[in-house]
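Undergrad: quick one: sequence plus predicted model below, questions after.
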Amino acid sequence: MSTPANPPGQVREITAVSNPLIKELRALALKKYRDEHRRFLAEGLKLVTDALDGGWPVHALLYARAAAGQPHLMAVAARARARGATIIEASDKVMAAITRRDNPQTAVGAFGQRWLPAADIRPGRDCLWIGLDRIRDPGNLGTIIRTADAVGASGVILIGETTDPFSLEAVRATMGSIFAVPVARMSAPEFRDWRARWPGMVVGTHLGAALDYRGLDYAGRPVLLLMGNEQRGLPEELAAICDHLCLIPMAGKADSLNLAVATAVMAFEIRRHALSMPAVGQAVS
């Protein structure tokens, strides 16, 4: 995938969806192209800024022609250009085609992917890792990555065939946390082998469990939280390698929670034991 550098100080203006470079960027909507070129799209000035702040490799930055001249946007474009990115001033039609939205935000960046190798996962005291088995919904995955960031988790491990954390929908749902939370991926056999060397507690949620999630002491050791997918929950082969299986009691007629919500409930309970949480009154949005 080519993203030719600009001549010094020059911005390309593109108004046609048929432009070859725009076609290449639009192709990143497909997982096979993201995997092949190890790139992905992030929409919105905040996400683009977060990526640049995190040192992620940037290949292209598009901004809406109608927003040209906005000081913050131009400063971000200058940062991207200094890092070798192709800068494009795009028509509304081009922005909508790339983001697949009728009302796209003013900036879209194409960045290089980052995956954490399993060998680089080094658990420390009171750390939290979140393992997700075959998660299917990009909104759930993005929200869980955002939650992992909020609770100070060390990272997220994707197990088996999961939805892509670098899809545009998942990246949007992370609200920028994709650039702060390490993400690893393993096949189920690789994960089981890796888990055998895990030095701390492994806890999973399971509808057949009898232990209330609030009845465990999570403090003083690394914790690996295992969550099953949206349809089937935690499979038996992963339930079998947990030290503890617990449930979140339901007070009403609902028999379960959304996966992202359940993960958040568990993660904040684990962190409540392990670390002092932010002071009451800190903004939550």
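TA: Yep, that arrived.
Undergrad: and the longest helix for the protein?
TA: helix 259-274 (DSSP state H).
Undergrad: so what pLDDT did the closest residue to N19 other than its chain neighbours get?
TA: Nearest residue to N19, sequence neighbours excluded (C-beta to C-beta, 6 or more residues apart in numbering): V94, at 7.7 Å. Heads up, the C-betas are built off the backbone N, CA and C, glycines and all. With respect to pLDDT, V94 scores 95.
Undergrad: just the residues contacting the strand or helix carrying V94, thanks.
TA: Counting by DSSP states H and E, the element that carries V94 is helix 92-99. Counting contacts by C-beta atoms under 8 Å, 6 or more residues apart in numbering, the residues outside helix 92-99 that touch it are 14-17, 19, 22, 25-26, 41, 43, 62, 64-66, 90, 102-105, 108, 168.
Undergrad: just the buried residues of those.
TA: Neighbour-count burial (16 or more other C-beta atoms under 10 Å) applied to the contacts of helix 92-99 gives 14, 19, 22, 25-26, 41, 43, 62, 64-65, 90, 104-105, 108, 168.
Undergrad: for L224, state which of these is nearest.
TA: L224 has its nearest neighbour among the buried ones among the contacts of helix 92-99 in L168, at 29.1 Å by C-beta to C-beta.
Undergrad: return the distance of the closest one relative to A66.
TA: Note on L168: its distance to A66, by C-beta to C-beta, to the nearest Å, is 21 Å.
Undergrad: likewise R172?
TA: With C-beta to C-beta as the criterion, R172 and A66 are 21 Å apart.
Undergrad: and I178, what is it in contact with?
TA: Contacts of I178 (C-beta under 8 Å, 6+ apart): 42, 142, 145, 165-166, 170-171.
Undergrad: before we move on, what about R39?
TA: Going by C-beta under 8 Å, 6+ apart, R39 touches 1, 28, 59, 110-113.
Undergrad: now do A260
TA: Going by C-beta under 8 Å, 6+ apart, A260 touches 139-140, 143-144, 147.
Undergrad: dump the residues you listed into JSON lines; add distance to L234 as well.
TA: JSON lines is the format used below for the contacts of A260 (distance: C-beta to C-beta, whole Å):
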{"residue": "G139", "distance to L234": "20"}
{"residue": "N140", "distance to L234": "15"}
{"residue": "T143", "distance to L234": "19"}
{"residue": "I144", "distance to L234": "15"}
{"residue": "T147", "distance to L234": "18"}
